[in-house]
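Undergrad: fold the following.
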Amino acid sequence: MKKRIAVLIATLVIFSGYTFGESFAKNGMLVAPGSLNANIGLGLRYSSGFGLGGGVEYGIGKFVIAEKLPFSYGIAGRAGLDLTSSIALSVGAFATLHFSWGALNFPKELSWIGNFDSYLGLGLTVFPRVDFDTIGGLSYYVSNNVAINLESGLRASYIGVLFKI
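TA: Presented below is the predicted three-dimensional model:
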C-alpha cells in the first residue's frame, strides 16, 4: 500500500511538472520594481466571523544576496472589513519584502514551484486604532498577471486573487 502511494505521489509530481511547467518569474522575480498589484479576498477572522480584504502594492526596488537570491521590496496599502455581529474596518500601510521561488532554478519537472512568491510586510494600521502590524503571504501565479493569494494580517487570514495591473 505504501509503495502505491509513493508511486502515485511521484507520478503526480512529474505530471504536474509537465502540466504546470512554465515559470512566470522574470530575472528570478514575480514582483518586480515598478509593478503594481491589487488583491482581493475572503477572510476568516481570528476570533470569529468572516470578512473581506484587499489592497494594492507597488514594487519599489530590488537587491540580490550572494549574487543568486533576488529580493524585491515595495509599499502596500491593505484594508479589511470584518462582517460579524458588528462591522469593523481595518486599514494599514506596509513596507513589503518579496522572494520569488523562481530564483532557485528548479529542474524542468519542478519548475512550477518557481511560480510561488512569498512575502512579509511591516507597517502601521490606523483603524480601529493606531498600532504596528504585520502581514505575510504566499501567492501562486497561474499566469503572468493572475495569482491565487493566501495572506494573513489585519486581524484575519484571507484567500483570494491577486492581479498585476
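
Undergrad: beta partners of the residue nearest to Ile148 when sequence neighbours are not counted?
TA: Distances taken as Cβ to Cβ, 6 or more residues apart in numbering put Tyr140 closest to Ile148, at 4.9 Å, once the chain neighbours are dropped. All C-beta atoms are positioned from the backbone trio N, CA, C, and that covers glycine. For Tyr140, the beta-bridge partners are Phe116, Ile148 (DSSP bridges).

Undergrad: end to end on stretch 83-92, go ahead and measure it.
TA: In terms of Cα to Cα, to the nearest Å, the two terminal residues of stretch 83-92 are separated by 18 Å.

Undergrad: and that stretch, how far out from the chain's middle?
TA: For stretch 83-92, the separation from the chain centroid amounts to 22 Å (computed by Cα atoms, centre = their mean, to the nearest Å).

Undergrad: in it, what counts as buried?
TA: Within stretch 83-92, the residues scored as buried using 16 or more other Cβ atoms under 10 Å are 90-92.

Undergrad: lowest pLDDT pick from those?
TA: Scanning the buried residues of stretch 83-92 for pLDDT, the low point is Ser90. It has 90.

Undergrad: show me what that residue is bridged to.
TA: Here Ser90, judged by DSSP bridges, has bridge partners Gly80.

Undergrad: try the one 5 residues further on
TA: When assigned by DSSP bridges, Ala95 has beta-bridge partners Ile75, Leu122.
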